[in-house]
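> Everything below, folded, please.
(one chain, ligands or ions: 1)
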Amino acid sequence: MTDLLPRPPRLSVSRVAAALTRQRLQKLEHLLILAPENLSPAQWRKLPSGTQLKDLQKRIGSKSAIPAAQTRLNNSKRTGISLGLLPVGVSPFKRLDRIRLLLGHAMKSNPGTLGALITGFDDSDATASAEAVTVAALAAVSEMPSHKSKPSPAPRLRALQLFGDGKPQLRRLRAENEGNHLARWLTTLPPNDLDSASYKKRIAALAKQHGWEMSFLDRKRLARLKAGAFLAVAQGGDSNAGIVHLRYRPPDASKKRPDVALVGKGICFDTGGVNLKPAQHMQNMHDDMQGSAVALGTLTALSRVNSKLNVDCWLAITENLIGPGAYKPMDVVTASNGTTIEIIHTDAEGRMALADTLALAAEKKPAVIIDYATLTGACVGAVTERYSGAFSNRQSLNPYLIKAGDQSGERVWPFPMDDDFDTALNSSIADIKQCTLDGIGDHILAARFLSRFAGSGAWVHIDLSSGRHKGGLAHIPTDVTGFGVRFTMNLLHEQELLKHSLANR
Ligand SMILES: [Zn+2]
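Residues are numbered from 1 along each chain as shown. I've put the predicted structure just below:
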């Protein structure tokens, strides 16, 4: 068994206001230099080993090479230098992506101390670059679960010193990394290590750590609440299934009502159920709880920055198994809000588990609900694993969703939510069909289905098509990306989602 929770990375990050002198440089095992592509000759000369780096860069020829040039100083530590040049006007995503690759290159020599010199940018680009190095380094040293009998040694990196320009918000970045790390770590656990019972234990440990109130609605309680949609999935054989409700309140919270409800799909393993998945499609189906892990990670980050928001978090935790009690196509079940659902395909279990969870979240009347789910293959088909899909019952929120994705480097793209899509879900025997069999536009139909349970307040649904991307994405070096924590922090803080949600009630 692994630890109950991930161990925090042992990396100190500090901003050094003083200049990067020869003495300070000698104490570093590696230095990253980050500068814009259009450096002037005078700026080149000011860089450590600047003339040499410029010659080397010319020899390589391409400014976009990673690194654009590299050298090693003739000092006692043989300090390595890697130069990264960023195009002027580079997007936040590309900045994070290139800095991850540059850092990955530097990490090959396994330095214990790393410096980053940020120079030649305007103020906002300098800050963005300092922040990108910080999050890339934190993500790189955040340990993932290992089940090797002889685990490979952890990276030596213990200190990152930021020199030059930029004013990174280190506390916020640490909080976001903690949330992202948690999401990636939980999602990476094998399904026999993260079943519903063990997941609940781990969440209880987190709740204790952060002072969240926690309640667990088990199958019995959910039966009393008539949560027939969730239970249809759980009855396949997961006796430990249930819905977790967490509450974060700032110390001086005067009102009880939640501002934000975070909702996550937590299918600890998805066999497909009676409509059993073929072997190839069952690979990585332990990932199907990533939505719940991202909701937990976001709650963690909000707690760490002492958010002033009242936040509820609802997690739909169950496996989708095949067993004598499993639900079947053509079953009709009733969700807790009274909606009757005609079952079409048991592998569309995510929307079933989320239906009741959203309905419970909506009952508390939060200003906005945000849900996360690895929900549909159709969303991957539409935007690939580079973007996630965004959906809302308030079209006016779409520009803020795009902007949060752009600025955080966790990119989303909104899809249409017109109600005539519902025609495809008309059922002759129930209120709504669960899905269609042809799968056309399934990401949109799934969102339309969920909208029936999300209440009348503002609601944002994120279909996590970029929850897994081979080789990493943006600053994240692992296949599992934990996508959504940074996006949501930006959405709530920089984009002021709450204000816009209330304006459109
Ligand atoms: Zn499924």
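> Can you say which helix or strand has A207 in it?
Element membership for A207, per DSSP states H and E: helix 196-210.
> hmm, who's touching that helix?
4-5, 182, 186, 194, 212-214, 216, 238, 240-242, 244, 246, 248, 266, 268, 289, 292, 296, 299-300, 303, 315, 317-319 (CB atoms under 8 Å, 6 or more residues apart in numbering). For every residue, glycine as well, the C-beta is placed using N, CA and C.
> Buried members of the residues you listed into ChimeraX, please.
Filtering the contacts of helix 196-210 down to the buried ones (16 or more other CB atoms under 10 Å) takes a single ChimeraX command:
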select :182,186,194,212,216,238,240,241,242,244,246,248,266,268,289,292,296,299,300,303,315,317,318,319
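> thinking again about what came up before, flag every buried residue along the helix holding A207.
So, applying 16+ other CB under 10 Å, buried residues of helix 196-210: S196, S198, Y199, K200, R202, I203, A204, L206, A207.
> what's the pLDDT at the second one?
It stands for S198. pLDDT recorded at S198 is 98.
> Repeat that for the fifth one.
On the pLDDT scale, R202 is placed at 98.
> residue ranges with poor pLDDT in the stretch 151-300 of the chain?
Within the stretch 151-300 of the chain, the set of residues satisfying pLDDT under 70 is empty.
> what ranges do the helices span in it?
With DSSP state H, counting those that start in this stretch as the criterion, the stretch 151-300 of the chain has helices at 170-188, 196-210, 219-224, 228-234, 279-282, 290-304.
> ok so, going back, what about the helix holding A207, distance to the chain center?
Mean-position distance between helix 196-210 and its chain equals 19 Å (CA atoms, centre = their mean, to the nearest Å).
> Then stretch 96-105?
19 Å.
> outside of it, which residues touch it?
Here stretch 96-105 has contacts from 32, 34, 66-67, 70, 82, 84, 86, 90, 129, 132-133, 135-137, 139-140, 409, 472-477, using CB under 8 Å, 6+ apart.
> For the residue lying closest to L296 once chain neighbours are set aside, which residues are in contact?
In space, and not counting its chain neighbours, L296 is closest to L182: 6.2 Å by CB to CB, 6 or more residues apart in numbering. Shown in contact with L182 (CB under 8 Å, 6+ apart): L5, P6, L206, A293, L296, G297, T300, G482.
> Would you map out the domains in this protein?
12-168, 175-503 (automatic domain parsing).
> Please tabulate these in CSV, including the columns distance to the ion.
Output for the domains of the chain, formatted as CSV (distance: least, CB to the ion, whole Å):
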stretch, distance to the ion
domain 12-168, 23
domain 175-503, 4
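> Which of these has the highest mean neighbour count?
Among the domains of the chain, ranked by average contacts under mean count of other CB atoms under 10 Å, first place goes to domain 175-503 (a mean of 21).
> Give me the phi and psi angles of R72.
With angles defined as degrees, to the nearest 10, R72 sits at phi -140, psi 130.
> typo on my end, A128
The phi/psi pair for A128 (degrees, to the nearest 10) is phi -60, psi -40.
> Quick check: it vs L321, distance?
To L321, A128 is 45 Å away according to CB to CB, to the nearest Å.
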